[in-house]
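Peer 1: Output the structure for:
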Amino acid sequence: MVSDKELILKVVLVGDTGVGKTSITRRFVHGVFVEGYKGADFTRISNRELDFGGRRISLSIFEIGGQEKFRFGENILYRGSDGIMLVFDITSEESFEGLRDWFEQIRSSLSKDVPLILVGNKYDLASLRRVPKERAVDYARSIRVDYLESSAKTGKNVIMAFYKLVEKILSTPKYRT
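Peer 2: Model (predicted):
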């Protein structure tokens, strides 16, 4: 039985292949970055315990493979999600354009109460940026989500992204105490 102070949350990371979902998760869960690591073409589940404002939180982190077949055929994986992290690669225009499809599928599969955040990954490659920050911020505003940039390689804002999402989840009517 889960105590009043312990909570299990399901968080799902989505985005095109190669944006860094697995690297973000590995950095957050294990504190490591593996150069040249190729992510999975399937769903991967990781777990991490957090202390969040005196509450014990167990995060189950689902990374949905970025292949087209996952984008349009596996919305069952969103079921029961408490929060979604939409991830794109700031050096890839194509991954940014793919966000619209991901967002549409998420919104057609989940309640509008399920919080989302938008993460532009690979900030360590900012000199190769193809998606201007202003454009990402504008898109985030248009879909009413927070935006931040991260680097799984350096660790910049990786923990912040998960904590921000947990904060948004806990502010929903389902979890307000």
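Peer 1: Show me where this protein has its helices.
Peer 2: 21-30, 68-73, 93-97, 99-109, 133-142, 158-170 (DSSP state H).
Peer 1: Contacts for the fourth one next, please.
Peer 2: By Cβ atoms under 8 Å, 6 or more residues apart in numbering, the surrounding residues in contact with helix 99-109 are 14-16, 71-72, 75, 78-79, 84, 86, 88, 114, 116, 118, 139, 143. Where C-beta positions appear, they are placed from N, C-alpha and C, glycine not excepted.
Peer 1: Now distance to Ala126 too, for the helices of the chain, in TSV please.
Peer 2: Output for the helices of the chain, formatted as TSV (distance: least, Cβ to Cβ, whole Å):
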stretch	distance to Ala126
helix 21-30	16
helix 68-73	27
helix 93-97	15
helix 99-109	19
helix 133-142	9
helix 158-170	16
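Peer 1: Tell me which of the ones you listed sits most buried.
Peer 2: The highest average neighbour count among those, using mean count of other Cβ atoms under 10 Å, belongs to helix 21-30 at a mean of 22.
Peer 1: what does it contact?
Peer 2: 13-15, 32-34, 37, 39-40, 44, 46-48, 61, 63-64, 66, 85, 87, 119, 121, 150, 152-153, 155, 158-159, 161-162.
Peer 1: Whichever of those end up buried, select them in ChimeraX.
Peer 2: Selection of buried members from the contacts of helix 21-30 for ChimeraX, criterion 16 or more other Cβ atoms under 10 Å:
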select :13,14,15,33,39,44,46,61,63,64,66,85,87,119,121,150,152,153,155,158,161,162
